[in-house]
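1. requesting a structural model of the entry that follows:
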Amino acid sequence: MRGDLLRVVVARRVEQPAAASLAGWSRLAPEEAALLGPGATGKRRAEFLAGRLAAKEAVARLTAGGKGDGIGNQHIGLDLLMPGAELSQSTLDAAAQGFVKDADGVAILRATGAYQGQPRAVHLREQSCQRAEQVSISHVDGVALAAASWQRIGLDLMTIEALGDAFIEEAFAPEELSKWANIYQRNQLGDAEICTAFAAKEAALKWLGCGLRVPLHSVVVTPGFCLIKGEFSVGICQEGKPKTRSLAWTWRSPSRVWVLLSQGGTDYR
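-> Numbers count the residues shown, from 1 in each chain. Okay, here's the model as predicted:
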């Protein structure tokens, strides 16, 4: 039963590499563990594990249904994104106990074909990936974030920092940031707004299924009409051709920002 949930976002701490090599690894299916090559560093193993466990929980919560925030969202553990967060992973794990069995019945593998490399949910007990759950994963600075939705999605989490003029010139097409300045009603964007714009671009690259395999300039993400605080429409163009109009949800702490894009298709302007 889906309830009113359309999207679930779960945050999880990235454990220290030594701990990550033991705790939680047994919860991964062999097919999942095999996605990491033998040369993976301890840091990469820890991030991979945290991202997969967060994604499995997100899928389990989504398929279980339940109540969201009134517009279909459910957010778990976002306090981890706050500076100096003291929320322990054991507290979050205790709250998720009712979903562990279902979560462990899901493997987060990689898609092939047009969306090669994107995470996909496979229900092991059914040996099927025919359900409609879509998954996206991101991690930065000791926190993994994963989203599951009934709609196509792209998620990106990043630390708020000065990106530098050279990077900005490489990452954004001409006039792209001026559109973001319009929605923020500012003549000049600060670091937080520029990072939000770049997180939206990386989320769009995941939504499109191409990741960073294409030049950043080739994908342009421009915000449209702001629906409510933290939610607005965005237009995604690839190589000058409109691809879709998506809905974007943003969440920002003093040190981090994440953007979730969900399939829309309606022009809200």
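2. contacts, neighbours, all on C-alpha from now
-> OK.
3. contacts only, for residue 29.
-> 104, 107 (C-alpha atoms under 8 Å, 6 or more residues apart in numbering).
4. on the pLDDT front, check it for me.
-> pLDDT, residue 29: 91.
5. again with the one 4 residues further on
-> According to the predicted model, the pLDDT of residue 33 comes to 90.
6. that one and residue 55: what is the separation?
-> 14 Å (C-alpha to C-alpha, to the nearest Å).
7. one more: residue 230?
-> For residue 230, the distance to residue 55 - C-alpha to C-alpha - is 23 Å.
8. what do you get for residue 133?
-> Taking C-alpha to C-alpha, one finds residue 133 at 11 Å from residue 55.
9. quick one: which of the two has more around it?
-> Neighbours per residue (other C-alpha atoms under 10 Å) separate residue 133 from residue 55, with residue 55 holding more: 34 against 23.
10. residue 10 is in contact with that one, correct?
-> Yes. Proximity of residue 55 to residue 10 meets the contact threshold set by C-alpha atoms under 8 Å, at 7.2 Å.
11. which residues are in contact with each of those two?
-> Common neighbours of residue 55 and residue 10 (C-alpha under 8 Å, 6+ apart) are 145-147.
12. just those residues: which are in strands?
-> When DSSP state E defines the strands, the subset of the shared contacts of residue 55 and residue 10 inside them is 145-147.
13. for this structure, which strand is longest?
-> Max-length strand for the chain by DSSP E is strand 241-252.
14. so how far does stretch 73-86 reach from one end to the other?
-> Start-to-end, stretch 73-86 (C-alpha to C-alpha) is 24 Å.
15. next, the buried residues of that stretch.
-> 73-74, 76-81 (16 or more other C-alpha atoms under 10 Å).
16. residues contacting residue 90?
-> By C-alpha under 8 Å, 6+ apart, residue 90 has no neighbours at all.
17. which secondary structure element contains it?
-> helix 89-95 (DSSP states H and E).
18. which secondary structure elements does the very next helix or strand once past that helix sit against?
-> Going down the chain from helix 89-95, the next helix or strand is helix 97-104, by DSSP H and E. For helix 97-104, the contact count by 3 or more C-alpha pairs under 8 Å, 6 or more residues apart in numbering; DSSP states H and E identifies helix 42-64 as packing neighbours.
19. not counting sequence-adjacent ones, nearest residue to residue 141?
-> residue 159 (7.5 Å; C-alpha to C-alpha, 6 or more residues apart in numbering).
20. helix or strand: which one has residue 204?
-> Applying DSSP H and E, one finds residue 204 within helix 191-208.
21. what average pLDDT does that helix get?
-> pLDDT averaged over helix 191-208 gives 93.
22. what packs against that helix?
-> strand 153-159, helix 176-184, strand 219-228, strand 256-262.
23. list the buried residues of the second one.
-> Going back to what we said before, that points to helix 176-184. 176-177, 180-181.
24. need the max-distance pair from these.
-> 176 and 181 (9.2 Å; C-alpha to C-alpha).
25. returning to that earlier point: got the angle between the helix holding residue 204 and helix 176-184?
-> 110 degrees (axes from the mean of the first three to the mean of the last three C-alpha atoms, to 10 degrees).
26. make 17 the starting number, not 1.
-> In the new numbering, first residue 17, that becomes helix 207-224.
27. check what contacts helix 207-224 and list those residues.
-> 131, 134, 152, 168-179, 187, 193, 196, 200, 227-228, 235-237, 252, 264, 266, 273-277.
28. distance from it to the middle of the chain?
-> Chain-centre distance of helix 207-224: 11 Å, with C-alpha atoms, centre = their mean, to the nearest Å.
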